[in-house]
Structure formats: C-alpha cells, structure tokens
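Colleague: Predicted model follows, preceded by the sequence.
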Amino acid sequence: MSRIPNKITLLVLIITLASCSALHEVVTPDVDEEPIAVSETLSAMHASQTSFGFFASRFSGTATINNSHYDISGTIRIRKDSAIYLSLSPFLGIEMARVLITPDEVLFLNRLEGTYYQGDMDRLNRMFSTNLDFQMLQAILVGNDFAHFTSDNFRVSRDDDRLLLKSTERYPITHAALGIPYQQNIWLDQESFVIRESLLYEPRSRQSIRARYEQHNTIKEQQVPAAVSLVITDPGNRVELSMRYTRTSIDEPQPMNISIPDRYRQIE
C-alpha cells in the first residue's frame, strides 16, 4: 500500500488523522449500575459542549511515535462543519507544513520539501488504515460528542467520581443501516457534564481512539478544553499525542486559505 513519506508529513497527519487505530487498553470499567436517566444525561452533556461558529487556538505539546519523541506546536482553526485548518511550526516559529480539511477534500503542503497532497478523506483513510470522517475529527479537537452518530442505545452509570455513558451500538446516522456498530464509552464530569474522556472502538477491525480532556478554560461562558491527550495504537505501532491549547478564541474568524505554489510537486 502506498504511503505519503516523510516524518513531517506523519506528524501533521497524526494530528489531523488522530482517529481509529487498534487500542489494546480497551477495558470495561467496574461501575455502579444504579439507574440514571439517560435522556437527561445526554441533554446535559450536549448543553455543556463547545458551541462555536469559528474555533481558533495555538497548540504546543509532544508526539511520541514508537519511542521517538517530537516537540510540536502550531495553529488550529475550525469553521464549524465546513473546514479545519492546521499549521505546524515546531522550529523557531518557521512553518513546516499546512493542511486544510473539508468534508470532501484534504489539501496538505510540505513547505520544507516543496510538495503537496490533494485528495479526499476516503483515500487518506485507506492509506493510513484509519476510519475517520470530518465531523469526527472536528468533535475530537474541541472535546465534543459525535453529533452525527446515533444516541439511542446508551446506558448511564457512575464510575468513581464521573458519570459513564456507554453504548455497544453507535452508528453514523447516514450509514446506520449498512455500517458496523461502534462501541463507545464517554466519561463526564458529574457537576459540569463536560466530556473528560472518551473511547471509541470498532470491534471488527479493532480500531479505536482514546481522548482525554483533563483541563478546561472558561471562554464566553463555556467550558472549552485547554489540553487534549490522545493514545493511538495498532499491532505494530504506538502513538501518543499531547497538546495544550493557548490563545483560544470562539467566533473570531481568521484566515484559512491555502494556495499551492507553482513550483510544488504533487505527492501521489
């Protein structure tokens, strides 16, 4: 299977394709099964989520790929349900790469090597053995639930000091009749109902992602994630990604354009 080469490319796509690889630390927590109203819990979770038309933030952190460690930093901008823009600048503020993802297309520029990739999300998923759509990526980056997934098979229980929403059958709504069901656990803060942790797992392929949101900041009277940690593995690889958000803004639009210089060479 052909792959986009280069560690710079890999770092960018780890951030943007941080999705469903096999995760061996999937567990069923020991929880208190006392009845809790599912509909009320779901409504409270959705009311507590990051609401935005435009999200922007600087990020910095680390990526660990099979015991190799990288410092990462850059910018994330999201126009809700429309586009996700990422700029990666790990060395002295010099931009190394830029990516723009829409529901239909991915455009990636490697500025150090003068190359670019242009294609659809399905092609990238095939190349990197992932299973991700635009809405899933958008939700992961801002700490929200998957709004385009079914929510009629959840159970609620207590897990230590958190609430646990658990479903063994979730589907993207548009593919519910044909898709393979996901299993998902979502841990909520008992007071604010913000998502503290989520685990999405697809049993047939053993693909999954665990995301943790341990810190939040108050922005425009909302609890918005200030730190995101992801653990992604497959049978031969392990990736850990930790990002801290700073200078986060809500509904303050910023440029998201990418132009391809004539001299750049296309990656197939």
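Modeller: Nice, thanks for sending it over.

Colleague: so how many other residues sit close to the residue nearest to residue 103 when sequence neighbours are not counted?
Modeller: Once flanking residues are discounted, residue 103 sits nearest to residue 134: 4.3 Å by C-beta to C-beta, 6 or more residues apart in numbering. Backbone N, C-alpha and C define where each C-beta goes, glycine included. Using other C-beta atoms under 10 Å, residue 134 is surrounded by 19 other residues.

Colleague: list the contacts for residue 134?
Modeller: Contacts for residue 134 were tallied using C-beta atoms under 8 Å, 6 or more residues apart in numbering; they are 84, 101, 102, 103, 121.

Colleague: Surely the first one and residue 77 touch.
Modeller: Yes: taking C-beta atoms under 8 Å as the contact criterion, residue 84 and residue 77 are neighbours in contact, 7.5 Å apart.

Colleague: Who has more neighbours out of these two?
Modeller: Per other C-beta under 10 Å, whichever of residue 84 and residue 77 has more neighbours is residue 84, with 22 against 19.

Colleague: How confident was the prediction at that one?
Modeller: Per-residue pLDDT puts residue 84 at 95.

Colleague: Contacts made by stretch 66-80 with the rest, please.
Modeller: For stretch 66-80, using C-beta under 8 Å, 6+ apart, the contacting residues are 7, 11, 15, 52-64, 84-90, 138, 141-142, 237-239, 243, 245, 253-254, 256.

Colleague: Quick check on those: which are buried?
Modeller: 11, 15, 52, 54-59, 61, 63, 84-90, 138, 141-142, 238-239, 243, 245, 256 (16 or more other C-beta atoms under 10 Å).

Colleague: State the distance from the residue nearest to residue 103 to residue 78.
Modeller: As for residue 134, its distance to residue 78 is 10 Å (criterion: C-beta to C-beta, to the nearest Å).

Colleague: about what we covered before: for the residue nearest to residue 103, give me phi and psi.
Modeller: Note on residue 134: its backbone torsions stand at phi -60, psi -40 [degrees, to the nearest 10].

Colleague: Repeat that for residue 139.
Modeller: According to degrees, to the nearest 10, residue 139 has phi -70, psi -40.

Colleague: nearest residue to it other than its sequence neighbours?
Modeller: Per C-beta to C-beta, 6+ apart, closest to residue 139 is residue 146, 5.3 Å.

Colleague: thinking again about what came up before, how much space is there between the residue nearest to residue 103 and residue 121?
Modeller: Note on residue 134: its distance to residue 121, by C-beta to C-beta, is 7 Å.

Colleague: which neighbours do these two share?
Modeller: 101, 103.

Colleague: Residue 257: what secondary structure?
Modeller: coil (DSSP: H, G, I helix; E, B strand; the rest coil).

Colleague: what pLDDT does it get?
Modeller: What the model reports as pLDDT for residue 257 is 87.

Colleague: what about it, how many neighbours?
Modeller: By other C-beta under 10 Å, 8 other residues sit near residue 257.

Colleague: residues contacting it?
Modeller: Contacts of residue 257 by C-beta under 8 Å, 6+ apart: none found.

Colleague: Would you mind giving both backbone torsions of it?
Modeller: The phi/psi pair for residue 257 (degrees, to the nearest 10) is phi -80, psi 150.

Colleague: Let me know the distance separating it from residue 75.
Modeller: As judged by C-beta to C-beta, residue 257 and residue 75 stand 13 Å apart.

Colleague: Over to residue 89?
Modeller: Look at residue 89 and residue 75: by C-beta to C-beta, they are 8 Å apart.

Colleague: could you pull out the strands for this protein?
Modeller: Ranges of strands in the chain, per DSSP state E, are 54-65, 68-79, 83-88, 97-101, 106-110, 115-119, 155-159, 162-170, 182-189, 195-202, 207-219, 222-234, 237-250, 265-266.
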